[in-house]
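J.: Predicted model, plus sequence, below.
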Amino acid sequence: MPTYKIRGIDVDFPYEAYDSQIVYMDKVIQSLQENCNALLESPTGTGKTLCLLCATLAWRRSFGNFRFGLSMNAGDKSEDKTEILPSSLPSSPPSQSESSGLPTIVYTSRTHSQIRQVIQELKRSSYRPKMIVLGSREQLCIHDKVKSLHGKTQTNACRALCQKRRGKQRCNHLPQVADYLKSNPHLGEEPVDIEDLVNIGKSFGPCPYYLSKELHKSVDIVFAPYNYLIDHAYRKSLQLSWSNSILIFDEAHNLEGICADAASFDLPSWLLTACISEAQKCVDLSIERREKSNDKSQNPDDFAILRALLLKLEKRIAQVPIESKELGYTKPGPYIYELLADLNITSKTFKKLSAIIAAASTLIEEDNQQKSTGTICRLDSIGEILDIVFKGGRTTHATYYRVHVREFEARTANGSKGNVSRTLSWWCFNPGIAMEEFHRLGVRSIILTSGTLSPMDSFAQELKLDFPIQLENPHVITPNQIWAGVVPVGPSGRTFNSSYRTRDSQEYRQELGNAIVNLARIVPDGLLVFFPSYYLLDQCIGCWKSLSNETSTSIWERICKHKKPVIEPRESSLFPSSIKDYISKLKDTSTSGAVFFAVCRGKVSEGLDFADHAGRAVVITGLPYATYTDPKVRLKREYLDQQSHPRGELVKVLTGDEWYNQQASRAVNQAVGRVIRHRHDYGAIIFCDERFAHPHRQSQVSRWIQPHIKCFSRFGEVVYTLTRFFRDVTIRGPTKLSLLEVDDGGQCPPVLHLFILLLHTGNVGEITSADPYDDKFNVEKLLSPVATPVAESLGTRKGSTSFLGKIMPANRSSLASDDCNIVDCVSSRDKCGRIFLGKKTVISQEHELVDLTDTRQLGEKSKDTLIAPCSVKKRRFITGEYNLQQQFRDSHEPSCGSGELQCKDEGTFQKRSLEIDSQRGDLPGDSAPSATNETQGSAFLAQVVREKLSASEYIDFVGYMKALKTKAMKIGEVLQCICRLFSGPERLPLLKRFKDYIPAKYHSLYEHYVGEKKLVEG
């Protein structure tokens, strides 16, 4: 395992790191050493998560060894606890982080699925810190009845059972926590996930929820969802030494919105009505208990007062004068206190009211348990609203808010108009409120990172944090793996502009549809098309389906001819089935793939991994501006404009227009990030809107994409260059660099013929994969908790092998001359596969054997014309048979047919004549080995080399030979790699004998590398 010295810290990294990865780790360590905040962007597939973990844990280890054993304690006393652990759990002096001075790392991400991926990355590293993952009762509860509940109802039920020390209804899992921790003090020293904790609870009895809560007090690193840091109540439950903590927000591109939403509330009239009914129910229940069992623990008068306050609030909201439904009724943030003061709810009385609400929730929950109903207690939402408004007893934060009351007409089931309904909202327009708490607590460093933070200006300004360390990392792909272009006009020359001025015209929709027909024909496999809104998506598809007559097919039918369509549903419940539909249509060989019509900011655009053939191109049909007249958007812009007025400050403040534009750009960046998901992926990014041609707009696109963007003046140029891109990347593979030309005079080293011979005879052997890599949240993983081989889920034929399976991201290779080369490929519907990492080889995990005798090759020649659709070419090399030796003879010839090609050069087209010898003769005589040489070489490879090398080294050796055959590496580079592979006294015979299989013209070069190796070893 390589070790890198970065700012004086030894960082163990599982693989040879790219330059960009070292730069990323350098910024992380700089932030930690200087106790300052960092804003770090690194594209998906660059090994961001692994770099972040290794750098952070290496820095932590520099303070001393990781914690071990068990120390159950009461933790940091800096904040009051909202939930007191039951008395069965012992307490002790302050936390280890506070007493020992060792920092604690809190690593958060948006969802538990993402946390699960992070823990998998931790397992791949050499670091084993004491760790724990925090989750809610919904993930961790194993009680037969409580685990089926949700939200506050589940929380209240859990607390009620835990407080009971006797009886059948008490929780039997909680008392076992302390004993289990005493007998298993090393829990957490090896990475554990939510599922591991649940399995421990089911197998041995302790409550997983309280197990994690107890362990988090004395660990090196805590993994948790965002809300454990952002939500005030969750944050108070964490018992950490905040002044000695590091906070990491991974996948932080939505952090602004999450922070603002967590500090805001909406109170619709239907919810208020439900709360009034529950208050009345509490009055009835408390009276009933007094009459039946003389239970006076609950005072019905308290619940009557609560009901009266809610009725008065409902009446007060109904009396608000609303002159315009579009504008609603708006007041400054502090107005909320005037409104509540009329109800006698103030900073002094709200705690008493909160206690009444908590008692009411408990009463309702007990009644639900007796009647075995799983209904949710709505009154809890009123308690949460009071907590937001009277935040810690303070009211100064109200200046960042706006009070808004809006009115709308409810719709009945048959679509007719119903009663008028109102919603009271208190919207936070300063996301930095959540972050300022950390400044008050004195945390050491806050690191925000994601693959798509651009444009980054708004992050620092919106979160009101100083980020002295910022990074926009490049991607690790090569220029020939990406096509990015602005398409300002369609096939008929009409302008693409999705603004409200043109998007409703039939001409625009027709032109866009005809463009997508062409793109569906050119792009192989999966195509993603993103619209700015559901409205425009529905209008365009409706137009494409209707425009047809007896003599011509509709645009929709022409799209379906090339790719089977899937449309992103508005309803979240239907989304998994749409993904399943997309995957099944990708498998269908009757067309050239599938097209997914989706919406920016929708579920498809965030968090899904459309790697390889699941997403070969993404089309952005316009700028996804938020609805201009939406009251929340309008008030946010007004708030920012008011804040940006000159106040004699030198600090730049974000204006309303800047925020509005940057939000649209960030949504675009999220959508285009669905493709090109790892080092060996490739794809196209197509901007179908003339506004993307403006330099200012392009400057807000992710930095790694910007250098590749080209603006086209005609649609025909797009068709030609895009066709050529997919043709070339299919022929030569996506990872060819400038060193692809093999300067061997057309001769082939005999050892390469021997390798081909072994492929046919099967002597290379079968290789099983041993290092799976689950990168992010893959499309297939959404459908099943069990890891499904990609070959099966996306249509690879049984009996033939997709070499890559679960794709390796950037951290699987090196920038050195012998780094990451694809040495075998299959059709575009399958994945490219063997990846070499200097002295390491990583093989994909397919849960099946990887057969090197599979003869399909990505580089098979097509007899189609140059501008033929890629889908046609793909069908030929998927179904055609293949001869390796013939391919070797062809591999030194130009890859396209004779004729004249139209080539784009600096925005113009020039004619270039390519002449190709149509007579394909045999290879030169001196390059073809005799039968004796083949036999001897076969024995050399199959016996001597395999005996001297380890299994992984032998795979490397075979790969180098294969890389030379595909011209992915120069012969000099292969010889240099072989010399390194055969280093060591016991392998000296290999060095000598291998020379016999090298053409005489390369003997001096080989001896030079051998001499260099001996000099280094000496």
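T.: Looks like it came in fine.

J.: Now stretch 591-609: average pLDDT?
T.: Averaging pLDDT along stretch 591-609 gives 88.

J.: Could you tell me how far that stretch lies from the centre of the chain?
T.: 14 Å (C-alpha atoms, centre = their mean, to the nearest Å).

J.: So for it, could I get the coordinates as PDB, restricted to C-alpha?
T.: The C-alpha trace of stretch 591-609 is given here as PDB (Å, rounded to 0.1, in the frame of the first residue of the first chain):
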ATOM      1  CA  THR A 591     -33.500  -1.200 -30.300                       C
ATOM      2  CA  SER A 592     -30.300   0.600 -29.600                       C
ATOM      3  CA  GLY A 593     -31.100   1.300 -25.900                       C
ATOM      4  CA  ALA A 594     -33.400   3.500 -23.900                       C
ATOM      5  CA  VAL A 595     -34.100   7.200 -23.300                       C
ATOM      6  CA  PHE A 596     -35.000   8.500 -19.900                       C
ATOM      7  CA  PHE A 597     -37.000  11.800 -20.000                       C
ATOM      8  CA  ALA A 598     -36.500  13.500 -16.700                       C
ATOM      9  CA  VAL A 599     -36.600  16.900 -14.900                       C
ATOM     10  CA  CYS A 600     -33.700  18.900 -13.400                       C
ATOM     11  CA  ARG A 601     -34.000  18.800  -9.600                       C
ATOM     12  CA  GLY A 602     -36.000  15.600  -9.900                       C
ATOM     13  CA  LYS A 603     -35.000  12.200  -8.500                       C
ATOM     14  CA  VAL A 604     -33.200  11.100 -11.700                       C
ATOM     15  CA  SER A 605     -30.900  14.200 -11.600                       C
ATOM     16  CA  GLU A 606     -29.600  13.600  -8.000                       C
ATOM     17  CA  GLY A 607     -28.000  10.600  -6.400                       C
ATOM     18  CA  LEU A 608     -28.300   8.100  -9.200                       C
ATOM     19  CA  ASP A 609     -25.400   6.500 -10.900                       C
END
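
J.: going forward can the numbers begin at 38, since that is how I track them
T.: Let's use 38 as the start, then, which means that last one is stretch 628-646.

J.: can you list the weak-confidence ranges in the stretch 838-987 of the chain?
T.: 838-981 (pLDDT under 70).

J.: what about 50?
T.: 838-971 (pLDDT under 50).

J.: And for the chain?
T.: Low-confidence segments of the chain (pLDDT under 50): 109-125, 127-131, 134, 772-971, 1053.

J.: Show me the domain layout of it.
T.: As assigned by the TED database, the chain contains the domains 298-466, 519-681+690-769, 986-1052.

J.: Quick one: end-to-end distance for the longest one.
T.: When you say that, I think you mean domain 519-681+690-769. End-to-end span of domain 519-681+690-769 (C-alpha to C-alpha, to the nearest Å): 14 Å.

J.: before we move on, back to that, can I get the domains of the chain in CSV with distance to G225 and mean neighbour count?
T.: Heads up, the C-betas are built off the backbone N, CA and C, glycines and all. Output for those, formatted as CSV (distance: least, C-beta to C-beta, whole Å; neighbours: other C-beta atoms under 10 Å):
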stretch, distance to G225, mean neighbour count
domain 298-466, 28, 16
domain 519-681+690-769, 28, 20
domain 986-1052, 31, 18
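
J.: right, and those - which one's nearest L87?
T.: Among the domains of the chain, the nearest to L87 by C-beta to C-beta is domain 519-681+690-769 (12.8 Å).

J.: Alright, calling it a day.
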